[in-house]
Structures are given as C-alpha cells and as structure tokens.
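Undergrad: Structure for the following, please:
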Amino acid sequence: MSETAASIELPLRVQDEVECRHCEVHCDKVVYPGACIRMGCPFVYAYQAWGRTYVGCLQKVFDVEIDLELLEQAEAKRGGFGAVRARRAPLPMCETEVVPCYPSRGDELGCRNPEFYELPRERAGFRIFARVAD
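TA: Now for the predicted structure:
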C-alpha cells in the first residue's frame, strides 16, 4: 500500500473517535460541562478539597475536575464556561460539538471524514415512543 493511501485510511468506527487528523484542519470533539450540571447528569461526581467543591465525569468523557463555584460563575455570564476536550466517545446525553483547530488549512476537497460528525447508529440521542389509549 502506498504511503498516500495509508495516510487517508479511516478507522473502522470513526464516530467513536474524539479527534480527527486525516487532513490539515485537525478537528476535536468537545463537551460542555456546564450542560452536565444544568441537566443533572447522573455521571457527574463532586468532592470537596481545600475548602472548594470540584466536579468531574464518572465516565471520563472529559477528564478534568472543575471548581464548581467558578463553573457556576462562568455559566451565569453571557459566554458561559465553555467546552473542554472530550477524552472518550461522548454519551448520548452529552452536549458536544466538533471544533476545527485550524479551519484556514482546509482545502477544496473538504472534510476527509464526514462520519466523524455523526452519532453511531446504536447510540441514538433519543427515542420516541407513542402510546395510543382507547
């Protein structure tokens, strides 16, 4: 296999990847911890140390622990706290986004990995069930 063909080879499950380096743009999936707090995500944990409360993700979708008071102060402002880089595939309830790191490096061919932006089929974001009563 030529070196060029190997450099554009995509992984088998591109939706589960948290970064894409198949072109010069370099995209990353990010998650919004403020949304985790707002929606009461069951995977958020908290602990107290040094007189402060820190929060993190039990599933390690993001692997930083954030000072809760500072996060809440930032969320109260217009721009909010912002996003942190995802370290593993986000869960269906995670508020995520794909962020290009160097968008000016894009070329006429465009994204080499459009499936990177999609959710895997077996992990739909929501389900709708209808019950019809007589």
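Undergrad: elements contacting the helix ranked longest in the chain?
TA: Looking across the chain with DSSP state H, the single longest helix is helix 68-75. Using 3 or more Cβ pairs under 8 Å, 6 or more residues apart in numbering; DSSP states H and E, the elements in contact with helix 68-75 are helix 33-38, strand 52-57. C-beta coordinates here come from the backbone N, C-alpha and C atoms, glycine included.
Undergrad: most neighbours per residue, which of these?
TA: Counting by mean count of other Cβ atoms under 10 Å, helix 33-38 has the highest mean neighbour count of the helices and strands packed on helix 68-75, with a mean of 20.
Undergrad: Name all residues that make contact with Gly82.
TA: Contacts of Gly82 were listed using Cβ atoms under 8 Å, 6 or more residues apart in numbering, and they are 32, 34, 74.
Undergrad: That one: helix or strand, and which one exactly?
TA: Remark: Gly82 resides in no helix or strand, with elements defined by DSSP states H and E.
Undergrad: what about it, distance to Glu65?
TA: In this view, Gly82 and Glu65 are 16 Å apart by Cβ to Cβ, to the nearest Å.
Undergrad: where are the low-confidence patches of this protein?
TA: Scanning the chain with the threshold set as pLDDT under 70 gives 1-16, 116-134.
Undergrad: repeat that for 80
TA: Along the chain, segments meeting pLDDT under 80 span 1-19, 21-22, 103, 109-134.
Undergrad: mind listing the strands in it by residue range?
TA: For the chain, the strands defined by DSSP state E cover 19-20, 27-31, 44-49, 52-57, 66-67, 84-85, 96-100.
Undergrad: for those strands, which one ends up most surrounded?
TA: Ranked by mean neighbour count under mean count of other Cβ under 10 Å, the strands of the chain are led by strand 27-31, which reaches a mean of 21.
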